[in-house]
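Colleague: This is the structure alone, sequence omitted:
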């Protein structure tokens, strides 16, 4: 239940500022309120929903500050991971990553869900190959706000061909066994949101809070 609601918030099916209740959600999915209550607690911890006393529970608007904090932490984790992967120069992981990039190239224009799912798979594959499963779980937990922006930005501020090219550069550096270049490519890839975030906030002001 938590993952379903989390995805709906990240993908914009549940809009920022929208009211959400345990009763309505339990009716919608034909389940008891207990799993819904547990999901709400986790969503609150991830700053995806908030309880306003005497008013109800609402989907949080996107915090620019939280997005920037998450990006910083994600960069620290994933740059370290890609260095490890590049040092090993394993042909199998390079093959897997190139297959994912090929699938990204086949995604139909405008299909943000399919493309960003493949994007997620590529980053996850790097972490799992490096044996950093816990680090990936940490990354998943902190990047929810980033992912909300990425769905808004898709084909607006960061076109998919650019993202595919950035992924390819990362894999090229891994294949040549250059950890410094791989780290540089990953860093540049993850810092792209710094340029697009102001554009997204201006385009969709109703999605953002006033921090």
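Modeller: On my side now, so go ahead. Because the structure is predicted, anything quoted here is derived from the model rather than measured.
Colleague: so what's residue 51 scoring on pLDDT?
Modeller: Note on residue 51: pLDDT of 86.
Colleague: Residue 158 too?
Modeller: On the pLDDT scale, residue 158 gets 62.
Colleague: which residue sits farthest out from the middle of this structure?
Modeller: Relative to the centre of the chain, the most outlying C-alpha is that of residue 54, 32.2 Å out, by CA atoms, centre = their mean.
Colleague: And it, which helix or strand is it part of?
Modeller: Using DSSP states H and E, residue 54 sits in no helix or strand.
Colleague: From residue 123, how far off is the residue most central in space within the chain?
Modeller: Closest residue to the average C-alpha location of the chain: residue 147 at 3.4 Å, with CA atoms, centre = their mean. Distance, residue 147 to residue 123, using CB to CB, to the nearest Å: 11 Å. The way it works is simple: take the backbone N, C-alpha and C, and place the C-beta from them, glycine included.
Colleague: After the longest helix seen in the chain, heading C-terminal, what element do we hit next?
Modeller: Counting by DSSP state H, the longest helix found in the chain is helix 64-88. Sequence-wise, the next helix or strand downstream of helix 64-88 (DSSP H and E) is helix 91-106.
Colleague: can you list contacts of that next one?
Modeller: Applying CB atoms under 8 Å, 6 or more residues apart in numbering, the contact partners of helix 91-106 are 85, 115, 118-119, 121-122, 125-126, 129, 160, 163-164, 167-168, 170-171, 174-175.
Colleague: tell me the angle of that helix relative to helix 64-88?
Modeller: Angle of helix 91-106 versus helix 64-88, following axes from the mean of the first three to the mean of the last three CA atoms, to 10 degrees, is 140 degrees.
Colleague: Mean confidence (pLDDT) on helix 91-106, please.
Modeller: pLDDT averaged over helix 91-106 gives 96.
Colleague: same thing with stretch 24-41?
Modeller: 92.
Colleague: before we move on, which element is residue 57 in?
Modeller: With DSSP H and E as criterion, residue 57 is part of strand 56-59.
Colleague: List the buried residues of that strand.
Modeller: Residues 57-59 are the ones in strand 56-59 that count as buried (16 or more other CB atoms under 10 Å).
Colleague: and if you look at stretch 47-65?
Modeller: 48-49, 57-64.
Colleague: do the same with stretch 201-211
Modeller: By 16+ other CB under 10 Å, the buried positions in stretch 201-211 come out as 201, 204, 207-208.
Colleague: Mind telling me the two of these farthest from one another?
Modeller: Pairwise distances among these were taken by CB to CB; the largest, 7.9 Å, belongs to 201 and 207.
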